[in-house]
Structures are given as C-alpha cells and as structure tokens.
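Participant: Model the structure of this input:
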Amino acid sequence: MKPRVKLIVATHIALATVLGIVAVVNQKHLYPEHVLLWVVLCMVSELFWVKTPTGDTVHSLAATAKLSAVFIFDIWTATLIVFTSTVIGNFVFRRAMWYRALYNGSQLMLAAASAAVLYRVLGGHCLLESLALPSGLRIEAVVHTLSTPTFFTAISVAGAAYILANNSSIVLLMNAMTGRRLSVLWRENLLYPEEILSSLASILLAPLLVLLYGSLGVLGLVLLFACLSLVHQANRRYLDVIRAQDNLIRSERMTAMGEMAEEIGRSLGKSLGELKLRAGRLYQLARKGQSDPVLKSAQIVEVNVDHMSALVDGLAAFSHHESQPVPTDLNELLRRTMDFVKPQNRFDNIHFKLTPDPILPVVNVDPSQMQQVFINLLTNAADALGEVDRPVRKIFVETHFDPNVQRIRISFSDNGPGIPDANLDRIFEPHFTTKATGHGFGLATVFRIAANHKGCIQAANLPGGGARFLVDLPNS
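Facilitator: Just a heads-up that it's a prediction; the model follows:
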C-alpha cells in the first residue's frame, strides 16, 4: 500500500474513531428495536451493488437506507448505525479485508455526519419520536413532517452533501492509488448520466422509505426493496451490455489486425530462414579468418534475425484462429506450466503460489493454446517483477468456479510495479509494448485465444501495488 493511501485510510479511521466515541458519550434516548432494524436494513442494502463502467468503484442502494437513518435518528445514533452496518456488511457480503471494511465504514460515517448536521441546521426534524407513536398517530405525524417545505429543502441539501462527501473520499483514494487526475476519475466513475440519476434516486427514495415504514411498518420496507431490486437488476444488465459492447468492438478490431498479421508473417517467414542460414555461415567463416569487423557484423545480423524470428512467431501465434478443444483439467495444466517455466532465468528468486479451486470442473479447451496463455501471463509478470527492487517477489495464480453463472476464472497477480494507467486501455492491442525487446503480440495473443474460447481477459492494478490479469472462460 502506497504511503499516501495509508495516510488517507488512517486519517478517515482516526476521525471516525473520535466521532464514534463522541457519539457513544452523547447517547440519550435509544430505541433498540428501531436501531437494530435499521442496522439490518442498511446491511441488507449492501447486497444491491454493481460496478461502475470502468470497474474501479461500485454503486449500491445502501445510500437510500443510510440517508433515511440520518432523517429518522439523532446525529449520534445515525452515524453509529451507518458505521456498524457498513463494516459488518463489507465483512459478511463483500468479503473485504478488515482495513478496507473499517475505511469504508469510516468514510460513510463521516459522510453521514456531514449530512446529519446540514439536515438539522436547515430545520429537519428527527422522525424517530413520530415512528414510536401508535400506528394511527404515527402515520399522521410522519405525513405532517414530510409535507413541510423545510423538510424537502433539508433532505435535498443533506442528501447532496452525503453523496458529495462520499464520492469525494472515493475519488481522493483512487487518485492516491492510481495517480490519475481527479477530474478524470470524477468523470469516468461518478459523473456519467446513469450514475447521476442513480444518486438522485437514492436521495428521493429516502423519504419514501420513511413514509412506507411509518404507514406499513416492516411490510413497507419489504415492498420498497422488492421494487428497488428490479431497478438494481436493470442497472446491472445495462452495465453488462456496455462492457460486452466494448469487448465486441475490440474483438472485431483485432480480427482485422490478425488477418493483416497473418500476411506479414507469411511473407517474412520465407526470407528469414535463408537469412539466418547465411548469417550463421558468415559467422563461421569470419571466425576462421579472424576478421574482427566481419565477425562483429555477423553477430549483429544474427541478433537482429533472432529478433525478427521472435516477431514472426508472435505474428503466427496471434493470427492463429482455430482451436482444438478437448476435456482439460486447468488446475493440472497450470501446475505443469508453472513447473515448466520455473527453471528459466527470468523466474529466479520469484515465489509462486497456486491456489486451485477444488471444485473446478474439467472444461473443453485447447490445452496447447491455453498453456500459451498461461506462459505469456507468467512471463509478463516475471518481466514486471524484474523492474522493481523488492525483498520478496511473488506471483499468485488462483482458479475459481462460479456454479451460479457457470464461469471459470483464472487470476494471475504479482507484487510488481503495476500497469501505467495510460496503458491499461491499450495493453491488449497488437504491436503495443513497453519492453525494449518486445514485439507487442504476447498479450494480444492471450486476448485472441480467450476470445476463441468464448471467454475474455481483463487487466487491472491492485490497491497495494502490482497487477492482476483475470481470464474468464465459460464452462462448456
């Protein structure tokens, strides 16, 4: 984890700790049944989340539940509910690391505190006492409060403050992790039209949630979240379509480039064999005659021919369209591949860790092509680790089978320098390379092979440093 990231995380947790102590000290009137209900409600709302189009952040319906807590409870109780539900929800539902869960809880606790203060300053009333009344009086009291002009002004400003404070913390952390400009992060992750409408809906749904609870009790909450789950599924499908569209465009572009690469490779291959033969003969003659200039020239020719041969090999692999799938144990194929590459010099002093999924099914793939994918990704990770000075250099490989969607995911990650943000969108393009001796077809070949198997591959940077490549294949 980068020093600036550590500072941001530690600052948020420290501020939230102080606020939590003050909140506990200032507790006066506690309604345990309502507090417990809202903690559970906020936790359940954590289930309704989707990734933004870039995949860097997530959006959930938890904002509605947490904003309603701000309007119902006093400042201190509301902040404690938000913190507790977020931390537990992150642990239970998202399997987050403890520091990530604490940071998320602290971040949202501070956002809730700012919203609660503005809500009270603008004349917003605590609705808890109204909700504690008998059912007949409760409905009348809640409707009366919600119908006042000051209430809608207060919830609008408080809701906007909550969304702004939360998103500002997210963007600040992403800036520290990736080094990308704040304006770009805002635009790509939080300022696209669908996200703005979703945030506005989160604010406006909060008073509706309060009204339904005040009139129908728990049944009102169930009805509302049943409707919200439909909206959530529609939003998830929309984002899936956007990502599929991007992958289709990239696949079509690479198909055209593959046809071009095939023609280039065929033309170069014919002449390279003869050129290498002549260069080797020239080298032998020069050694016998002890002619230093000729010897040096011959060596240069041979080195360049080797480089061109590597280019042709890359072109040939990239332009290979057909595959011959057979039932294959990917866990075993990974073990054999890792044993194959370990003796190579570039993997010296690198620690491997393979975490196979024991329920991974046998899948129909072309084993030679899939092994080429594994070798390319392991080689890429080793080259990246060679650029950093770390006491321990590691490559992690993990397989996972999701029976719900029948997908197999193979993750390759390392603790190297990561991928520059400017290169993430181009890293699978042919001829794109940052290596002095690279030909730019390694990852393009990986992308093509994954597409041939009706799968895909994604690249991302890890929060603590390093990169991860995720190969996603269907169980077919």
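
Participant: distance of Q324 from G455?
Facilitator: 16 Å (Cβ to Cβ, to the nearest Å). Backbone N, C-alpha and C define where each C-beta goes, glycine included.

Participant: In terms of neighbours, single out the busier of those two.
Facilitator: Using other Cβ atoms under 10 Å, the more surrounded residue of Q324 and G455 is G455, with 20 against 9.

Participant: Secondary structure element for the residue lying closest to the more buried one once chain neighbours are set aside, which one?
Facilitator: Nearest non-adjacent residue to G455, counting by Cβ to Cβ, 6 or more residues apart in numbering: L473, 3.9 Å away. Assigned by DSSP states H and E, L473 falls within strand 467-474.

Participant: elements contacting that strand?
Facilitator: helix 367-385, strand 407-414, helix 442-452, strand 456-461 (3 or more Cβ pairs under 8 Å, 6 or more residues apart in numbering; DSSP states H and E).

Participant: which residues sit against that strand?
Facilitator: With contact meaning Cβ atoms under 8 Å, 6 or more residues apart in numbering, strand 467-474 is reached by 363, 365, 373, 377, 380-381, 384, 406-414, 416, 418-419, 446, 450, 453-462.

Participant: now do 6 Å
Facilitator: Strand 467-474 has contacts (Cβ atoms under 6 Å, 6 or more residues apart in numbering) with 377, 407-413, 418-419, 450, 453-462.

Participant: same question, stretch 414-429
Facilitator: 178, 180, 381, 384-385, 387-388, 394-395, 432, 443-444, 447, 459, 461, 466-467.

Participant: Let's test this: name the helix or strand in this structure with the lowest mean pLDDT.
Facilitator: Least confident helix or strand, the chain: strand 49-51 with a mean of 55, by mean pLDDT, DSSP states H and E.

Participant: What residues sit buried inside stretch 137-147?
Facilitator: By 16 or more other Cβ atoms under 10 Å, the buried positions in stretch 137-147 come out as 138-139, 141-142, 145-146.

Participant: and of those, the nearest to R346?
Facilitator: L146 (66.2 Å; Cβ to Cβ).

Participant: Next, the contact list for K454, please.
Facilitator: P474.

Participant: Am I right that it is in a helix?
Facilitator: No. Assigned with DSSP: H, G, I helix; E, B strand; the rest coil, K454 falls outside any helix and is coil.

Participant: how near is it to L378?
Facilitator: 23 Å.

Participant: For the stretch 51-200 of the chain, give me the ranges with low pLDDT.
Facilitator: 51-61, 132, 135-136, 188-190, 192, 194 (pLDDT under 70).

Participant: try the stretch 201-350 of the chain
Facilitator: Ranges of the stretch 201-350 of the chain meeting pLDDT under 70: 231-232, 235-236, 238-239, 242-243, 248-322.

Participant: Mark which of the contacts of strand 467-474 are buried, thanks.
Facilitator: 377, 408-413, 418-419, 450, 453, 455-462.

Participant: related to what we said a few turns ago, between the helices and strands packed on strand 467-474, which one is nearest to A112?
Facilitator: Short answer: strand 456-461, nearest of those by Cβ to Cβ, at 29.6 Å.
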